[in-house]
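Colleague: What follows is a predicted structure for the sequence shown.
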Amino acid sequence: GAVVSQHPSRVICKSGTSVKIECRSLDFQATTMFWYRQFPKQSLMLMATSNEGSKATYEQGVEKDKFLINHASLTLSTLTVTSAHPEDSSFYICSANPLAGGIDTQYFGPGTRLTVL
Amino acid sequence: QKEVEQDPGPLSVPEGAIVSLNCTYSNSAFQYFMWYRQYSRKGPELLMYTYSSGNKEDGRFTAQVDKSSKYISLFIRDSQPSDSATYLCAMSRYNTDKLIFGTGTRLQVFP
């Protein structure tokens, strides 16, 4: 099946630093990638939808200046958490849709666990 | 009220049991219904996908959607210890729409 990778798998950083998370579709091209956040024992919450070559669409309540998304190519999207704080500690998961794919072809990455000290 | 409600469990069953997992939702515009399985510290993987009402079967898994009651179910027959994971329901309004997830139900199947 289609493979989506994320890097790094886990990161620990100090409060105030910025962290970049990469999401790559390894064997297909993705016009759309999604970024989710999952707190312990809670659901995946969509943060933003990223379209290649255009600005990301952020969900209500998600600060676009804090969570910078860049979808530079059809196989790579990055999420940068700027000036991270302990409350940003979470599990960040991306997903990617192949070209002409539908709702059932949204492939998820393995997630990145961010811990902000 | 959340758009999608799901009992977080945990649900603990013996090997071989039939497992029933459920979600309710409030938005009648949802047309696409998915069940994902998520192992600890991994991304979700799609198990079942249903459009509109009805049943769908795939091996030991059966998905049911009752749009009139806004209720969806996933049944697992002959459950195995390897089925131990968190099961997330998700739904959307149209084929390219965002997914709205339930909180997930943690399932443990013991030998």
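Modeller: Perfect, thanks for sending it.
Colleague: Next, residue 20: secondary structure please.
Modeller: Assuming you mean chain A. Put simply, residue A:20 is strand when judged by DSSP: H, G, I helix; E, B strand; the rest coil.
Colleague: same check, this time on residue A:114
Modeller: Applying three-state DSSP to residue A:114 yields a three-state assignment of strand.
Colleague: distance of it from residue A:93?
Modeller: Remark: distance between residue A:114 and residue A:93 (CB to CB, to the nearest Å) = 11 Å. For the C-beta atoms, the positions are set from N, CA and C on the backbone; glycine is no exception.
Colleague: my read: residue A:76 touches residue A:20, true?
Modeller: No. Here residue A:76 does not reach residue A:20: they are 11.5 Å apart, not a contact under CB atoms under 8 Å.
Colleague: Show me which residues of chain B sit near chain A.
Modeller: Residues of chain B found near chain A (CB under 8 Å from any CB of the partner chain) are B:4, B:6, B:8, B:32, B:34, B:36, B:41-46, B:49, B:88, B:90, B:92, B:94-104.
Colleague: 7 Å instead?
Modeller: Residues of chain B found near chain A (CB under 7 Å from any CB of the partner chain) are B:8, B:32, B:41-46, B:49, B:92, B:95-96, B:98-99, B:101-104.
Colleague: Can you select the buried ones among those residues for me in ChimeraX?
Modeller: Selecting just the buried residues from the residues of chain B next to chain A in ChimeraX takes one command, with 16 or more other CB atoms under 10 Å in any protein chain shown as the test:
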select /B:32,42,43,44,46,49,92,98,99,101,102,103,104
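Colleague: Can you pull the phi/psi pair for residue B:67?
Modeller: phi -70, psi -30 (degrees, to the nearest 10).
Colleague: Can you tell me the closest non-neighbouring residue to it?
Modeller: residue B:53 (4.5 Å; CB to CB, 6 or more residues apart in numbering or on different chains).
Colleague: what's the burial count for that neighbour?
Modeller: 14 (other CB atoms under 10 Å in any protein chain shown).
Colleague: Also the one 10 residues further on?
Modeller: As a burial measure, the neighbour count of residue B:63 was computed by other CB under 10 Å and equals 22.
Colleague: cool, and the one 3 residues further on?
Modeller: Per other CB under 10 Å, the neighbour tally for residue B:66 reads 13.
Colleague: residues in contact with it?
Modeller: Listed by CB atoms under 7 Å, 6 or more residues apart in numbering or on different chains, the contact set of residue B:66 reads residue B:53.
Colleague: Let's see the pLDDT reported for it.
Modeller: Residue B:66 carries a pLDDT value of 95.
Colleague: Distance check, it against residue A:93.
Modeller: The value you get for residue B:66 to residue A:93, if CB to CB is used, is 29 Å.
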